[in-house]
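Undergrad: Sharing a model that was predicted from the sequence below.
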Amino acid sequence: MENNKVKNILLVGVGGQGIILASEIMADVFMEAGFDVKKSEVHGMAQRGGSVSTHVRYGSKVFSPLIKEGEADIFIAFEELEALRYLDYLSPQPTVLLNEQRLNPPSVSLGNQAYPEKISEILSGRSKHFKSIPGRELALQAGDARAVNIVLLGALCAFLSIPEKIWTENILRRFSPKVERINLEAFRLGRST
Amino acid sequence: MLSGNEAIARGAYESGAKVATAYPGTPSTEILESLSTYAGLHTEWSPNEKVALETGMGAAFGGARALVVMKHVGVNVAADPLFTLSYTGLRGGLVLVTADDPELHSSQNEQDNRNYAKFAKVPMLEPSDSQEAKDFTEMAFDLSEKFDTPVMLRTTTRVSHSKSIVLASEPSKPTGKPQLVKDPMKFVMLPANARKRHPIVEKRMEELARFAETFPGNRVEWGESKVGIITSGISYEYAKEVMPEASYLKLGMVYPLPREMIRSFASRVEKLFIVEELDPFIEEQVRAMGIEVTGKNLFPLCGELNPGLVERGLRGLLQVPKEETYKNLPARPPIMCPGCPHRGIFSILSKMKLFVTGDIGCYTLGFLPPLSAIDTCVCMGASIGHAMGLDKALGEEALGKVVAVIGDSTFLHSGITSLLNVVYNKGAVTLIILDNRTTAMTGRQDHPGTGFTLKGEETSRVDLVKLSKALGVKHVKVVDPYQLASTERVIKREVRRPEPSVIISRAPCILSRRERTEQEKSFFVSPEACTGCRTCLRLGCPAIEWVKENGAGPEGKKRKGRASIESFLCTGCTLCAQVCKFGAIKESDGK
């Protein structure tokens, strides 16, 4: 942690993609690594399918649970269009992880609006480190399409200097023995992207 | 790591609360859900907030500690007992949690409930993070007993739903044995008794104001003397984030205010700011003390604050314009789930072009296009009154054109008396009760119509048909909202009836784990048979998409595109197959 500066991670996507769980694991990991942590979700009515963002901040002392616009150091987009919605939050030199998945919002499904193009070009042009991740593909490879969130945590882990063991132990604690192997594999696949 | 809500539950547990009551409402719901996992106390979903508070009062009159929880607009429902509870006081501590929702993340208004503390003459504490949420809950119980007053604990969505580190301890407070003690002069608020209680209330508020000067939740953090900031709740965290060098007067008790503390702080800083969300609640009181402050002229009255807004206000910065290119992105509002039982009803109401008086719940999403079939939505239970008023004002003109819709939980919350009124005053009102057997919008909580308690224990279940009949409604019909043709026939007949009638649309929430089994089928659109007429798209189902494709459809007719079903989203509800006039939507062989 450079100069005790608080690190800001912004996760965005669509309700039902497992963003909240990913952020919970993340927050626990940072706490166990000895940091002060705050985490906050921003979403509308608690139904599926709406736009969701979660702010995670950690450092020696954290005040605001919300990241200020222009200060997200790490940006994890679970869905491509949602990534564009939060561009104002990116710091000047962010690390960006983009899950290659498009979920059409209602106006696109109805054919009234077009899904935006060239999203990964826009994002890579705005970031210091940019990684595009076939999350769904890797999750299926691990054994369950729902493990996209764990794949992305694996990818995040590669950019942070927190011992991998803290991550894997946390994942083991979160999941039942029945699915822990799938999730550990998803984490490993994400880590090695 | 606990959310503010979980921390309040922990605080209530550690304080030895014996009874905890609530009606679910964002952002407060998780408090009782969390508290119900602790042993040694009674937790319940009450039918509404007034009942929740009255039940809590009973427990406190009996000498036990009680926690009563609701969202900001819930306090409007509970206001009647609250204002007189302020007079009676209690024997055991009573803490009323109001969870406010600046920004209206999931609410119909963004009222600032700090005003209730002043109005009802009760003290109010406001935590800034989860640790304070727990600590202040415990302090609130102590204050309640020490000053013989209910204490309000105010959170906002950001405090309720943010997680931060909390140091928990074991329940340490000795829990006194509740017992019956007669004290009618205190608890019977006949005018003669209440008249004597009022001066006691005024004296109590003076004592509390003196106490506020030494209350440990109010503290000064000295920094530079150039800028002094008075703040509380989440606003404190934002201000500390963006201006750590300033001096702070951090208020944990927002009513009554520590006037001497404020005066002394103000005299020792060059410029005084007040940073608070929504109303200028602290600002107006400080101004009334003759102190010059800067506040709402720099910070917005509407919506939630955030670090950027607070920084711009404090440092006089201009807003950086948003990146133009990305302003008109397709919106992604919350929508009814694929397979939602409400969809069938609203597709019929939309087709019939009825004026639909609506209510609070998932079905309010029927307002959104393409269904666009909700015309009013104001507060819990209001749909029935709205339809009644329209009937009485318009008479024949409205007959057959208006229908009221309400969810089962909302009907039991505050719709029953309105339906009683329709019968009593001879309204030609048709009410559709959307009975999905849960409180869906807030995350599927039980209620008196589900047959289960908060703790998941089986209990009696109110019968909505018998209840409607007992109120005097002669025409009560039950429909299956997945059967469009028969449901439409019933709605058409009932709305024209010049008498009260009730249609119960009965099908469990698609997300209900208790009532739903794994779906075994899904549907697909035959690309050869689809004419591209878009009728199925008007259901607004997230599983159905438009595929642009200029070319020829069935029998070589031109089409601009065709519909397609995303099989992993499809629940097999069959609505689209029912509305397709061309038989293009068919069941898949297996899923």
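TA: Alright, I've got the coordinates.
Undergrad: State the distance from the residue lying closest to B:Lys296 once chain neighbours are set aside to chain A.
TA: Leaving aside its chain neighbours, B:Lys296 sits nearest to B:Pro280 (4.5 Å; criterion: CB to CB, 6 or more residues apart in numbering or on different chains). (Glycine included, C-beta is placed from N, CA and C.) Distance, B:Pro280 to chain A, using CB to the nearest CB, to the nearest Å: 22 Å.
Undergrad: close to chain A, is the strand or helix carrying B:Met152?
TA: Per DSSP states H and E, B:Met152 falls inside strand B:151-156. No: using CB under 8 Å from any CB of the partner chain, strand B:151-156 never reaches chain A; the gap is at least 11.3 Å.
Undergrad: what residue ranges in chain A score low on pLDDT?
TA: Along chain A, segments meeting pLDDT under 70 span A:1-4, A:44-48.
Undergrad: does B:Leu104 really touch B:Glu110, like I thought?
TA: Yes: between B:Leu104 and B:Glu110 a contact is recorded at 5.0 Å, counting by CB atoms under 8 Å.
Undergrad: Looking at those two, which one has more neighbours?
TA: Neighbours per residue (other CB atoms under 10 Å in any protein chain shown) separate B:Leu104 from B:Glu110, with B:Glu110 holding more: 22 against 14.
Undergrad: part of a strand, is that one?
TA: No: assessed with DSSP: H, G, I helix; E, B strand; the rest coil, B:Glu110 is coil; it does not lie in a strand.
Undergrad: picking that back up, ok, the residue nearest to B:Lys296 - contacts?
TA: Residues counted as contacts of B:Pro280 (CB atoms under 8 Å, 6 or more residues apart in numbering or on different chains) are B:Ile274, B:Gly295, B:Lys296, B:Leu301.
Undergrad: thinking again about what came up before, what mean pLDDT does the strand holding B:Met152 get?
TA: For strand B:151-156, mean pLDDT is 98.
Undergrad: so after it, what's the next helix or strand?
TA: helix B:157-161.
Undergrad: ok, and does that next one reach over to chain A?
TA: Yes: using CB under 8 Å from any CB, helix B:157-161 reaches chain A at B:Arg158, B:His161.
Undergrad: cool, stretch B:525-537 as well?
TA: Yes: Stretch B:525-537 reaches chain A (CB under 8 Å from any CB) through B:Leu537.
Undergrad: what does stretch B:232-250 give?
TA: Yes: counting by CB under 8 Å from any CB, chain A has neighbours in stretch B:232-250: B:Ile234, B:Glu237, B:Tyr238, B:Lys240, B:Glu241, B:Val242, B:Pro244.
Undergrad: Closest to B:Ser409 out of the residues you listed?
TA: Set against B:Ser409, the nearest of those by CB to CB is B:Ile234 (29.3 Å).
Undergrad: May I ask you to confirm that the closest one belongs to a helix?
TA: Yes: checked against three-state DSSP, B:Ile234 lies within a helix.
Undergrad: and the spatially closest residue to it that is not a sequence neighbour, how many residues sit next to it?
TA: Here the nearest residue to B:Ile234 in space, its sequence neighbours aside, is B:Arg158; by CB to CB, 6+ apart that works out to 4.6 Å. B:Arg158 has 31 neighbours, counted by other CB under 10 Å.
Undergrad: who's in contact with B:Arg158?
TA: A:Ser40, A:Pro65, A:Leu66, B:Pro102, B:Ile234, B:Glu304.
Undergrad: Which of the residues you listed lies at the shortest distance from B:Val478?
TA: Of all the contacts of B:Arg158, B:Val478 sits closest to B:Pro102, with 41.0 Å by CB to CB.
Undergrad: Tell me the secondary structure at the closest one.
TA: Classified using three-state DSSP, B:Pro102 is coil.
Undergrad: where's the residue nearest to B:Gln111 when sequence neighbours are not counted relative to B:Ser160, distance?
TA: Leaving out its chain neighbours, the residue that sits closest to B:Gln111 by CB to CB, 6+ apart is B:His72, at 5.5 Å. Here the criterion is CB to CB, to the nearest Å. By it, B:His72 lies 11 Å from B:Ser160.
Undergrad: Overlap in contacts, those two.
TA: Counting by CB under 8 Å, 6+ apart, the contacts common to B:His72 and B:Ser160 are B:Ala99.
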